[in-house]
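> Could you work out the structure for the sequence below:
(chains A, B, C and D)
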There are 2 protein chains.
Amino acid sequence: MQMSQKVESFVYHFGEMGSKWGFNRTVGQIYALLVVSDKALHANEIGEALNVSRGNVSMGIKELQSWQLINVSHIPKDRKEYYSPKGTIWDMANRVFEERRKREVDPTLSLLRDLQLDSPADESEAYAQEKMREIHDLLETITHWSAELQRLDPDKLTTLMKLGAGVSKILSIKDQFKRPKADAPSE
Amino acid sequence: MQMSQKVESFVYHFGEMGSKWGFNRTVGQIYALLVVSDKALHANEIGEALNVSRGNVSMGIKELQSWQLINVSHIPKDRKEYYSPKGTIWDMANRVFEERRKREVDPTLSLLRDLQLDSPADESEAYAQEKMREIHDLLETITHWSAELQRLDPDKLTTLMKLGAGVSKILSIKDQFKRPKADAPSE
DNA sequence: ATGAAGTTTCAGAAATTACTGAAAGTTTAG
DNA sequence: CTAAACTTTCAGTAATTTCTGAAACTTCAT
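Residues are numbered from 1 along each chain as shown, chains lettered A, B, ... in the order given. Reported below is the predicted structural model:
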């Protein structure tokens, strides 16, 4: 399989990006290639297009499956497995966030909680624990927030995003509703 | 310098995390160590605490400076440079997002825009371009959104985050305000 | 059961990334 | 200007990660 000029630069670029986003170059390239292909591809086509060994393609596919990013399909009378991206681009972004949360943030939160458990031996340890608590709280807030956002349907999300900084205005509207007799004159 | 048990596990863990967040293990460890230290540290202390060469500490410091994550200070009559983390934990998170946006997202957006420029040669190229446009739009939306969020002060942000999925309710309130004579009955 | 058509595994090789430590560079006090 | 006290650089080495390709495995048609 031959990639067009455009597809080629896209695929190579995403290989590099992928390596900063939690998977290696080849995995990034395979995913990028699948995304821009209008039909599902089998392993040999992929390997040929990317100049990569059959074994490497197999490992890449496996990795993408562990991220739940691809679908496997079959064509009647053909024994090969055909791969295509699962869901929309938005789904992909969500999956990657979600998966990284599980793999990176959750273990960190759990470590930080453990380290909070026993009381500090001295002043400098108290300081360290305080900082760890701050990090814990930050991670937890971000985690909750992104989980909530993922529940919104893409349209609402887009509306919300377009709103941007306007959200702070909305917040005050909300305050008026919830507490019509607002008691915070300075804000 | 000797790290306490707790600080040690924190620092090592953040070394590993750091390597998934855009800098290498040592850089992550140095930053973690500085965050939990109640006083600024000089390069030798850092190297000794982390069991790492003087040269490596120097490179790590340089890297952290390029991310604008640390401050340098001096003590009268002492020629050494003392390092401490710059800003709050929130500032740190913002900086890292911001810096990665500049280094990774911006070049990607620019590539994707270029690839949109000339019209597709055939049907499959048209498909590829369409997908690239979707990715472009997604990245752009996320970029704008996070830029806006960074402008909010941390308190507002926290309120907003606590709100979570409640945002969709807020959105409808906003709709009532903006278009009291709403003409979209199906939404 | 057999073998053709495919996929996966994994030991070793290649490529990449990170680290060391000695030499070069910088800054300041006298 | 000199030397002491630091910091930075960078060539070579070490560690880690990724990739290859041959062998093992699986599945299915006959």
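
> Looking at chain A, what residue ends up closest to DNA strand C?
Nearest to DNA strand C, among the residues of chain A, is residue A:55, at 2.9 Å (C-beta to the nearest atom of the strand). Where C-beta positions appear, they are placed from N, C-alpha and C, glycine not excepted.

> Please, which helix or strand holds that residue?
helix A:54-66 (DSSP states H and E).

> distance between that helix and the chain's centre?
19 Å (C-alpha atoms, centre = their mean, to the nearest Å).

> Name the surrounding residues that touch it.
For helix A:54-66, the surrounding residues in contact (C-beta atoms under 8 Å, 6 or more residues apart in numbering or on different chains) are A:23-24, A:26-27, A:30-31, A:43-44, A:46-47, A:50, A:52, A:70, A:83.

> hmm, 7 Å instead?
With C-beta atoms under 7 Å, 6 or more residues apart in numbering or on different chains as the test, helix A:54-66 has contacts from A:23, A:26-27, A:30-31, A:43, A:46-47, A:70, A:83.

> helix or strand right after it?
Toward the C-terminal end, the helix or strand that comes next after helix A:54-66 (DSSP H and E) is strand A:70-73.

> What is the helix or strand following that following strand packed up against?
Using DSSP H and E, the helix or strand that follows strand A:70-73 towards the C-terminus is strand A:82-85. Packing contacts for strand A:82-85, counted by 3 or more C-beta pairs under 7 Å, 6 or more residues apart in numbering or on different chains; DSSP states H and E, involve helix A:25-36, strand A:41-42, strand A:70-73.

> just those: most buried one?
Of all the helices and strands packed on strand A:82-85, helix A:25-36 carries the top mean neighbour count, a mean of 24, counting by mean count of other C-beta atoms under 10 Å in any protein chain shown.

> hmm, that one in reach of DNA strand C?
No - contact of helix A:25-36 with DNA strand C (C-beta under 7 Å from any atom of the strand) is absent, the minimum separation being 8.1 Å.

> between the helices and strands packed on strand A:82-85, which gets nearest to chain B?
Comparing the helices and strands packed on strand A:82-85 against chain B with C-beta to the nearest C-beta, the closest turns out to be helix A:25-36 (3.9 Å).

> residues in contact with that closest one?
With contact meaning C-beta under 7 Å, 6+ apart, helix A:25-36 is reached by A:7, A:10-12, A:14-19, A:41, A:46, A:49-50, A:52, A:56-57, A:60-61, A:63-64, A:69-70, A:83-85, B:128, B:131-132.

> swap in stretch A:73-87?
Counting by C-beta under 7 Å, 6+ apart, A:31, A:34-35, A:40-43, A:61, A:68-72, A:92 sit against stretch A:73-87.

> okay if I get those as JSON lines plus pLDDT?
Formatted as JSON lines, those follow (pLDDT from 0 to 100):
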{"residue": "A:31", "pLDDT": "98"}
{"residue": "A:34", "pLDDT": "98"}
{"residue": "A:35", "pLDDT": "98"}
{"residue": "A:40", "pLDDT": "97"}
{"residue": "A:41", "pLDDT": "98"}
{"residue": "A:42", "pLDDT": "98"}
{"residue": "A:43", "pLDDT": "98"}
{"residue": "A:61", "pLDDT": "98"}
{"residue": "A:68", "pLDDT": "96"}
{"residue": "A:69", "pLDDT": "97"}
{"residue": "A:70", "pLDDT": "98"}
{"residue": "A:71", "pLDDT": "97"}
{"residue": "A:72", "pLDDT": "97"}
{"residue": "A:92", "pLDDT": "94"}
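
> Using the record's assignment, carve chain A into domains.
Per automatic domain parsing, the structural domains of chain A span A:5-85, A:89-151, A:161-187.

> Between the two ends of the first one, how far is it?
Distance between the boundary residues of domain A:5-85 (C-alpha to C-alpha, to the nearest Å) amounts to 21 Å.

> wait, does the helix holding residue A:55 contact DNA strand D?
Yes - counting by C-beta under 7 Å from any atom of the strand, DNA strand D has neighbours in helix A:54-66: A:54-56, A:59-60.

> Among the residues you listed, which one has the most neighbours?
In terms of neighbour count, residue A:60 stands highest of the residues of helix A:54-66 next to DNA strand D at 26 neighbours, by other C-beta atoms under 10 Å in any protein chain shown.

> Okay, that one and residue A:35: tell me how far apart.
14 Å (C-beta to C-beta, to the nearest Å).

> And for residue A:85?
5 Å.

> Likewise for residue A:159?
Going from residue A:159 to residue A:35 by C-beta to C-beta gives 26 Å.

> what about stretch A:45-61, how long is it end to end?
13 Å.

> How far does that stretch sit from its chain's centre?
Distance, centroid of stretch A:45-61 to centroid of chain: 24 Å (C-alpha atoms, centre = their mean).

> how about that stretch: buried residues?
For stretch A:45-61, the neighbour count (16 or more other C-beta atoms under 10 Å in any protein chain shown) marks A:45-47, A:49-50, A:52, A:56-57, A:59-61 as buried.

> repeat for stretch A:93-107
Quick answer for stretch A:93-107 (16+ other C-beta under 10 Å): A:93-96, A:99-101, A:104-105.

> Dump those residues to JSON lines, plus secondary structure.
Output for the buried residues of stretch A:93-107, formatted as JSON lines (DSSP: H, G, I helix; E, B strand; the rest coil):
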{"residue": "A:93", "secondary structure": "helix"}
{"residue": "A:94", "secondary structure": "helix"}
{"residue": "A:95", "secondary structure": "helix"}
{"residue": "A:96", "secondary structure": "helix"}
{"residue": "A:99", "secondary structure": "helix"}
{"residue": "A:100", "secondary structure": "helix"}
{"residue": "A:101", "secondary structure": "helix"}
{"residue": "A:104", "secondary structure": "helix"}
{"residue": "A:105", "secondary structure": "helix"}
